[in-house]
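Participant: My questions are about this predicted structure, shown below with the sequence.
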Amino acid sequence: MTARITPFLNHISACNQAQIPGNRLPFFWRDEHIGWVSPPTANALKALGAHSGDQLGITEPTALHPLAKTLAEHGLYKPHHEDFDIRNANGDVIGQVDRGAIPVLGLAAEGIHLNGLVEKSDGSYLWVARRSMNKKLDPGKLDHLVAGGMSTGLTPATTLIKEAEEEAGIPATLAEQATAVSRIHYAMERPEGLRRDVLHCYDLILPETFIPTANDGEVESFHLLPLTEVFERVRTTQDFKFNVNLVLIDLFSRRGFFAPEENHLINKALHAA
């Protein structure tokens, strides 16, 4: 392994440091395993009657949302007031929960990340956003031009169009030109709980005349940076939000920033899940 890629592998490892199951207990929907819960959450679920014998969970889809709401009322998380669909292993929607409950219950969640690229005569550039200091998660960190979770009723494509308009003022006619390029999984222990995320990654070539505008108050500023500079910042700093590093590393890999032997190791680590 070349020392040059060690920082990139460290970013990937940092997003996959969760030990599963560790001390967690499985959480079920009927007989399907859908999540992992910590001992304190397990105790709360038992007190609320969300179990059958030793098996923690629910049997009816309509029970998931009120159960999550009750966990918030008991102080296990702060509601985000945004519902996400929860799916079983077949991809069928089995219920909804507040976004804040997902890591508490160790449920899988999906989201989108967009590489907003500009091709100039002197090379490739990437639009980078700085997160608002009012964000609950990683305030002030650098982020993608567009990124967001997949709310109830949406698909990756419709989430992309929605978030592109809200976060950067990208019209739907332009956002629809984005290309789906990869999917990245990771499992990470965070202060808010266990994150088991699936990131749907997109590339979009933007015209040089495009200037992003934040419409939802979640971005402090936008910056158009040479892709080579972004590469160096990912390599040498912790400036970017944790999971943004994964999507950028995937972009660097596809853009030929790594030697073939390095690329093999990067992709093996990045897509191991």
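Facilitator: That came through fine. None of these values were measured; they are calculated from a predicted model.
Participant: Show me where the stretch 1-150 of the chain has its strands.
Facilitator: 25-29, 32-37, 51-52, 55-58, 83-87, 93-98, 108-120, 123-131, 142-144, 146-149 (DSSP state E, counting those that start in this stretch).
Participant: out of the ones you listed, nearest to D197?
Facilitator: Closest approach to D197 among these is made by strand 108-120 (5.5 Å; C-beta to C-beta). In short, each C-beta sits where N, CA and C put it, glycine included.
Participant: now for that closest one, which elements pack on it?
Facilitator: strand 83-87, strand 123-131, strand 142-144, strand 146-149, helix 156-168, strand 193-205, helix 242-254 (3 or more C-beta pairs under 8 Å, 6 or more residues apart in numbering; DSSP states H and E).
Participant: contacting residues around the residue lying closest to G193 once chain neighbours are set aside?
Facilitator: Leaving out its chain neighbours, the residue that sits closest to G193 by C-beta to C-beta, 6 or more residues apart in numbering is P103, at 3.0 Å. The contact partners of P103, by C-beta atoms under 8 Å, 6 or more residues apart in numbering, come to Y77, R190, E192, G193, L194, R195.
Participant: again, only using 6 Å
Facilitator: Counting by C-beta atoms under 6 Å, 6 or more residues apart in numbering, P103 touches E192, G193, L194, R195.
Participant: Spit out the contact partners of the closest residue to Q177 other than its chain neighbours.
Facilitator: Nearest residue to Q177 in three dimensions, chain neighbours excluded: L204, at 6.3 Å (C-beta to C-beta, 6+ apart). The contact partners of L204, taken as C-beta under 6 Å, 6+ apart, are L114, G116, A178.
Participant: Pick the one among the residues you listed closest to N16.
Facilitator: Taking the contacts of L204 together and measuring to N16 by C-beta to C-beta, the closest member is L114, at 22.4 Å.
Participant: what stretches of this structure score poorly on pLDDT?
Facilitator: 1, 273 (pLDDT under 70).
Participant: Which segments of it make up each domain?
Facilitator: According to automatic domain parsing, the chain is divided into the following domains: 3-16+109-270, 25-105.
Participant: quick one on the thing from earlier: hey, which of the helices and strands packed on strand 108-120 is tucked in deepest?
Facilitator: For the helices and strands packed on strand 108-120, the largest average neighbour count (mean count of other C-beta atoms under 10 Å) is found in strand 142-144, namely a mean of 24.
Participant: packing partners for that one?
Facilitator: The contact analysis (3 or more C-beta pairs under 6 Å, 6 or more residues apart in numbering; DSSP states H and E) places strand 142-144 against strand 123-131.
Participant: repeat that for 8 Å
Facilitator: Packed next to strand 142-144, using 3+ C-beta pairs under 8 Å, 6+ apart, are strand 108-120, strand 123-131, helix 242-254.
Participant: what are the pairing partners of the shortest one, and which direction each?
Facilitator: Right, strand 123-131. Sheet partners assigned to strand 123-131 using DSSP bridges are listed as strand 108-120 (antiparallel), strand 142-144 (antiparallel), strand 219-226 (antiparallel).
Participant: report the angle between the axes of it and helix 242-254?
Facilitator: 170 degrees (axes from the mean of the first three to the mean of the last three C-alpha atoms, to 10 degrees).
Participant: Can you tell me what sits against strand 123-131?
Facilitator: 115-119, 138-145, 167-168, 206, 212, 214, 218-228, 230, 241, 251, 255.
Participant: which of those count as buried?
Facilitator: 115-118, 141-145, 167-168, 206, 212, 214, 218-220, 222, 224-225, 227, 230, 241, 251 (16 or more other C-beta atoms under 10 Å).
Participant: Using CSV, lay out the contacts of P103 together with distance to A269.
Facilitator: Below are the contacts of P103 laid out as CSV (distance: C-beta to C-beta, whole Å):
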residue, distance to A269
E192, 24
G193, 24
L194, 20
R195, 18
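Participant: what about P103, distance to Y202?
Facilitator: According to C-beta to C-beta, to the nearest Å, P103 stands 24 Å off from Y202.
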